[in-house]
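Undergrad: Please find the sequence and the predicted model below.
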Amino acid sequence: MTEPRNRVVQVMRFGGPEELEVVDAPLPTAGRGEVRVRVLASAVQYTDVLIRRHLYPQTSLRRPPFVLGYDVVGEIDQLGDGVHGFQVGDHVADMTVVGSNATYRTLRADRLTLVPAGLDAAEAATLILSWTTAYQLLHRAARVQRGQRVLVHGAAGAVGQALLALGKLAGFDLWGTARSEHAALIRQLGATPIDYRREDFTRVLPGGFDVVFDGIGEDGYRRSFAALKRGGLLCAYGYSAGVQAQRRMRTMLMWIARLYLWRWLPGSKRARFYSINVTRARHPAWFREDLERLFGLLATRAIRPRVAERISFDEVAEAHRRLEAGGLEGKLVLCPDLPSRHDRMPP
Ligand SMILES: NC(=O)c1ccc[n+]([C@@H]2O[C@H](COP(=O)([O-])OP(=O)(O)OC[C@H]3O[C@@H](n4cnc5c(N)ncnc54)[C@H](OP(=O)(O)O)[C@@H]3O)[C@@H](O)[C@H]2O)c1
């Protein structure tokens, strides 16, 4: 029998999407305490852009070539020694930060979350980074209370949509900044849209917001802090605007450090930076608990994550270009079983 082929998406050099290459790689073998999965889905997300551009602190010590892929839903096809509680054929998920844009990969069994039978792999993959981030921002970091007024920046984005959907389920009062073309989507998700190109979000709510979630970092988070009411909380979690403006990592780390100094300003406002990796390292049980809860909500269709497109290996570089251009309304998910776009086209 011929060995199955393993393909991976590699960053060959730090830089633009043209530095990505799809290459053949050896088939990995599950070591002790590991499983091997056949990858069913691995989302492509803005954070991959940061990693590719060498602007992501957690991967700053890596040197190319390395394989991209922040999250994975896969089917176990090999068990290493000492693995209990999983079987060949189980569908499992993990947040790996890198390495999952592949046909096969190995995973540590003690980090896996079981994916309930019947869930769509691409939809399940969207929950691992973006929706778990949103859930933890709302319920672990900010601990938002029913009736509080919440502003979400980048509301049409992957984390933004999840913040609105989960915030609506929890009964929060929501506002979301997005380009005007996405106003209907923001309303559908249960929030009041704010056109970030034309409206000043600091003036929308006299008195200010209880909580602001900011993954963009426009103006080094200053206006988000200004939009808070007395005693309000800014939860920053990303710096897409800094990436777009080609700032250096050092500058963005300074923005984050400065957040913690603002608590000394008058107004009793607070600001903090949330990181899913730091939270997982401190509270490993939360990650699995929260992801399982989200899988449960998906199984009952209480949440409906949007998959903009399922893509093949050959479309990953283009997916990075689309993410950087903006305007997407859902996630792009690599499904390694999908034939290349060229082969999917009708003759
Ligand atoms: N700390 C953590 O643990 C964590 C976890 C997940 C993600 N993140 C970070 O959070 C950020 C958002 O992630 P995501 O996956 O949701 O990204 P995304 O899907 O690209 O969504 C970002 C949204 O922000 C909007 N946007 C981009 N630049 C903007 C600007 N300058 N002003 C106003 N809106 C702007 C985009 O709108 P348009 O389409 O209109 O451009 C888009 O809807 C990224 O920087 C990501 O790396 C952090």
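TA: Perfect, thanks for sending it.

Undergrad: Check the gap between Arg250 and Ser275 for me.
TA: 17 Å (Cβ to Cβ, to the nearest Å). From N, CA and C alone the C-beta is placed, and that goes for glycine too.

Undergrad: Same check on Ala302?
TA: For Ala302, the distance to Ser275 - Cβ to Cβ - is 27 Å.

Undergrad: still on that earlier bit, pick out whichever of Arg250 and Ser275 has more residues nearby.
TA: Higher neighbour count among Arg250 and Ser275: Ser275, with 17 against 7, using other Cβ atoms under 10 Å.

Undergrad: how many other residues sit next to the residue of the chain found nearest the ligand?
TA: The ligand sits closest to Gly157 of the chain, with a gap of 1.9 Å, by Cβ to the nearest ligand atom. As a burial measure, Gly157 scores 27 neighbours (other Cβ under 10 Å).

Undergrad: just checking, it touches Thr47?
TA: No: here Gly157 does not reach Thr47: they are 11.3 Å apart, not a contact under Cβ atoms under 8 Å.

Undergrad: Poorly predicted segments of the stretch 201-347 of the chain, please.
TA: Residues of the stretch 201-347 of the chain meeting the criterion pLDDT under 70: 346-347.

Undergrad: how about the helices in it?
TA: In the stretch 201-347 of the chain, the helices defined using DSSP state H, counting those that start in this stretch lie at 222-226, 240-244, 249-259, 276-282, 284-299, 316-325, 341-344.

Undergrad: Switch the ones you listed over to TSV; also include distance to Tyr56.
TA: Shown next, in TSV, are the helices of the stretch 201-347 of the chain (distance: least, Cβ to Cβ, whole Å):
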stretch	distance to Tyr56
helix 222-226	21
helix 240-244	10
helix 249-259	8
helix 276-282	10
helix 284-299	19
helix 316-325	14
helix 341-344	28
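
Undergrad: Any chance of TSV for these, columns distance to the ligand?
TA: Output for these, formatted as TSV (distance: least, Cβ to the nearest ligand atom, whole Å):
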stretch	distance to the ligand
helix 222-226	11
helix 240-244	4
helix 249-259	10
helix 276-282	3
helix 284-299	11
helix 316-325	6
helix 341-344	22
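
Undergrad: Looking at the ones you listed, which is nearest to Leu169?
TA: helix 284-299 (7.8 Å; Cβ to Cβ).

Undergrad: now for the closest one, which elements pack on it?
TA: strand 91-95, strand 113-114, helix 121-126, helix 132-136, helix 276-282 (3 or more Cβ pairs under 8 Å, 6 or more residues apart in numbering; DSSP states H and E).

Undergrad: how about it: buried residues?
TA: With burial defined by 16 or more other Cβ atoms under 10 Å, the residues of helix 284-299 counted as buried are 286-288, 290-291, 294-295, 297-298.

Undergrad: Now for Arg52, how many residues are close by?
TA: There are 23 residues near Arg52, going by other Cβ under 10 Å.

Undergrad: For it, which non-adjacent residue is spatially closest?
TA: Excluding the flanking residues, the one nearest Arg52 by Cβ to Cβ, 6 or more residues apart in numbering is Val11, at 5.5 Å.

Undergrad: Please report phi then psi for that neighbour.
TA: With angles defined as degrees, to the nearest 10, Val11 sits at phi -80, psi 120.

Undergrad: Can you tell me how far it is from Asp48?
TA: Distance, Val11 to Asp48, using Cβ to Cβ: 9 Å.

Undergrad: same thing with Ala158?
TA: Distance, Ala158 to Asp48, by Cβ to Cβ: 11 Å.

Undergrad: ok, how many other residues are close to the closest residue to Asn277 other than its chain neighbours?
TA: The shortest distance from Asn277 to any non-neighbouring residue, by Cβ to Cβ, 6+ apart, is to Gln58 (5.5 Å). Gln58: 15 surrounding residues under other Cβ under 10 Å.

Undergrad: I figured Gln58 hits Met95, correct?
TA: No: in terms of Cβ under 8 Å, Gln58 does not count as a neighbour of Met95; the distance is 11.3 Å.

Undergrad: which residues does Arg250 contact?
TA: Contacts for Arg250 were tallied using Cβ atoms under 8 Å, 6 or more residues apart in numbering; there are none.
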